[in-house]
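> only geometry, no sequence info:
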Ligand SMILES: [Cu+2]
């Protein structure tokens, strides 16, 4: 019974599955899988979930040609998502903490 349900779901999903990757904000740094990062690679079509773990606001944005966005200020525990469809490089920053910078490579 369970197996049948899984097979039906697998058949329904597209062949190339886009991923959702969490990029946290913690101690005024970007964090992925518990590691502080200033560089991250994702695949075209992937979505990044920006989640704030700090007890203060962050405002994540990018002015890059490939993907321009501004998530606005959001508090601890909140998250916002951005999907990256095109291949290239995106510089991600925080408007509140200029030292927070991350280079995203979309492959
Ligand atoms: Cu910040």
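Ah, there it is. Note that the structure is a prediction, hence the values are computed from the model and not measured.
> Spit out the contact partners of residue 45.
For residue 45, the contacting residues are 16, 18, 83-85, by Cβ atoms under 8 Å, 6 or more residues apart in numbering. C-beta here means a position set from N, CA and C on the backbone, and glycine is covered the same way.
> What's the end-to-end length of stretch 45-55?
31 Å (Cα to Cα, to the nearest Å).
> What of stretch 31-45?
21 Å.
> any idea of the mean pLDDT in that stretch?
Per-region confidence: stretch 31-45 scores 97 on mean pLDDT.
> Which positions in it come out as buried?
31, 40, 42, 45 (16 or more other Cβ atoms under 10 Å).
> I'd say the third one and residue 92 touch.
No. With contact defined as Cβ atoms under 8 Å, residue 42 does not count as touching residue 92 (11.4 Å).
> Mutual contacts of these two, please.
Common contacts of residue 42 and residue 92 (Cβ under 8 Å, 6+ apart): residue 104.
> Return the distance of stretch 29-38 from the chain's centre.
Relative to its parent chain, stretch 29-38 has a centroid offset of 11 Å by Cα atoms, centre = their mean, to the nearest Å.
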